[in-house]
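Q: only geometry, no sequence info:
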Ligand code: GLN
């Protein structure tokens, strides 16, 4: 196996044994980038020189006995995380040349552990979308099938990890933007509990729904990255206090006696039959490991998507107000201030404008009660649905997405079909609970399918434990993304 394909824990062993250096791993990753990036387009900015310096420093740290499993590991970061000295665009023309003066807290923690920042990955503008087609710079292709989307909005991060262009990545997830692209790209993605990982320095889409989390090649790697980034941050007022458990220690492989719920509402008519079959297959496998799988009900889940899009639009419309040509980034030339505001904001993409329009509408005094307030009430009901199920179950499973990766342009004309991509993921954002996606099979066309595991607030350990046990026993046939086949050939 090549260095660019290995997991963090495999690389950790090689680094500790002195069989390879961080610099060699980085060179392998850049060789991969040079081979496939023209086709995949995962990155918006590469940090070659800085990365070399960081890798050399990581080698010194390792020689001095640094124990972090992330030391010397090349990672990618979605381009809505502030990075000191490296432009942070949110895939928007408004921030095309914006260079932040500080690092987001999650990036700081990875760097402190000795991880090496390879570059900033593509996304839907400001995280708005489910295919990365809303990037104002370029499209990212799915490494498994270059004619299809990688998912979104963290599509660049997922594609980079799947194509061997980074060992792991950070993403953000507002309604599914870590889990959906990870599922489409055949890898693992974790959205932690709201408040567990600091959002300081992450450009906000919707504050009450945004989460920071890892995109990795397997569940153990997700545990390792989470360990490094989780925990209280006084700079983020929504950050939770409390001890961070040892996540890797939870990966015992033993799940006997646990109860897993399978909500029928998340197996609806929109679900593709191949995905459905894969999820039932996974449920059977979990039973064979000694888990009790029970049918459960989340009666308000059918309203989740509607409530989600009202809340996210309301929050986004207010968050995007700061991009007015005065404080950050792009400013249009105009005769007076008001025309300058207007012309500057014309540079926003179509989806961002649509959300601003919708959000402003929902928040108008005459509409507020009928839309925004009602959506908040639905959100509470959804949270209560989960609480009831978690009185009986340790974990809930569901498909991550209704279909596998779709073709470019397939959903761009009808926004609501694009919005449906989040139908199974956005409930976890509304409730703030942890949710993990793990590959659980392939479609007849060879596209990866994702299985979602959701858990109680701050119980990432059990979610990772069950996800890991499933992954270890699933015995999926080893397949390679299209880019891998090409570079081998
Ligand atoms: N797809 C959803 C949206 O477009 C959620 C995106 C996300 O999770 N950032 O808003």
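A: Yep, it's here. The structure presented is a predicted model; accordingly, all values stated were derived computationally and were not measured.

Q: Could you pick out the residues of the stretch 251-400 of the chain near the ligand for me?
A: Counting by CB under 6 Å from any ligand atom, the positions of the stretch 251-400 of the chain adjacent to the ligand are residue 312. Quick note: C-beta positions are derived from backbone N, CA and C, even for glycine.

Q: Pick out the residue of the stretch 251-400 of the chain closest to the ligand.
A: Here the stretch 251-400 of the chain gets closest to the ligand at one residue, residue 312, 5.1 Å apart by CB to the nearest ligand atom.

Q: what's near enough to touch the closest residue to that residue other than its chain neighbours?
A: Excluding the flanking residues, the one nearest residue 312 by CB to CB, 6 or more residues apart in numbering is residue 206, at 4.5 Å. Going by CB atoms under 8 Å, 6 or more residues apart in numbering, residue 206 touches 174, 311-312, 314-316, 319.

Q: What of residue 147?
A: 141, 407-408 are the contacts of residue 147 under CB under 8 Å, 6+ apart.

Q: How much space separates the residue nearest to residue 460 when sequence neighbours are not counted from residue 454?
A: Nearest residue to residue 460 in three dimensions, chain neighbours excluded: residue 434, at 4.8 Å (CB to CB, 6+ apart). Separation of residue 434 from residue 454 (CB to CB, to the nearest Å): 7 Å.

Q: Tell me the residues that contact both of those two, please.
A: 428, 463.

Q: need the strands for the stretch 201-350 of the chain, in chain order.
A: Secondary structure of the stretch 201-350 of the chain (DSSP state E, counting those that start in this stretch): strands at 211-216, 259-263, 292-296.

Q: got those as CSV, with mean pLDDT columns?
A: Shown next, in CSV, are these (pLDDT from 0 to 100):
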stretch, mean pLDDT
strand 211-216, 98
strand 259-263, 98
strand 292-296, 98
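
Q: With distance to residue 129 and mean neighbour count as extra columns, can I get the ones you listed in CSV?
A: Shown next, in CSV, are the strands of the stretch 201-350 of the chain (distance: least, CB to CB, whole Å; neighbours: other CB atoms under 10 Å):
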stretch, distance to residue 129, mean neighbour count
strand 211-216, 17, 30
strand 259-263, 26, 20
strand 292-296, 31, 16
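
Q: Can you lay out these as TSV showing distance to residue 368?
A: Shown next, in TSV, are the strands of the stretch 201-350 of the chain (distance: least, CB to CB, whole Å):
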stretch	distance to residue 368
strand 211-216	26
strand 259-263	31
strand 292-296	34
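
Q: Among these, single out whichever gets nearest to residue 341.
A: strand 211-216 (30.7 Å; CB to CB).

Q: partners of that closest one in the sheet?
A: As defined by DSSP bridges, the strand partners of strand 211-216 come to strand 168-173 (antiparallel), strand 188-191 (antiparallel).

Q: Deepest in the core, which of the ones you listed is it.
A: strand 188-191 (a mean of 33; mean count of other CB atoms under 10 Å).

Q: Tell me if that one is near the ligand.
A: No. Between strand 188-191 and the ligand, judged by CB under 6 Å from any ligand atom, nothing touches; the nearest distance is 8.7 Å.

Q: Show residues contacting that strand.
A: So strand 188-191 is contacted by 154, 158, 171, 173, 178-179, 181-183, 211, 213-219, 221-222, 226, 425, 428-429, 434-439, 460, 463-464, 467, 471 (CB under 8 Å, 6+ apart).

Q: out of the residues you listed, who's near the ligand?
A: Applying CB under 6 Å from any ligand atom to the contacts of strand 188-191, those adjacent to the ligand are residue 173.

Q: Helices - which of the contacts of strand 188-191 land there?
A: Among the contacts of strand 188-191, DSSP state H puts 158, 179, 181-183, 219, 221-222, 226, 428-429, 460, 463-464, 467, 471 in helices.

Q: where does the protein dip in pLDDT?
A: Low-confidence segments of the chain, defined by pLDDT under 70: 486, 488-489.

Q: Name the residue most distant from the centre of it?
A: residue 335 (41.7 Å; CA atoms, centre = their mean).

Q: Relative to residue 419, which of the strands paired with strand 211-216 is closest?
A: Closest of those to residue 419 is strand 168-173, at 15.3 Å (criterion: CB to CB).

Q: so what's the residue of the stretch 251-400 of the chain closest to the ligand up against?
A: Residue 312 neighbours (CB under 8 Å, 6+ apart): 174-175, 205-206, 209, 355.
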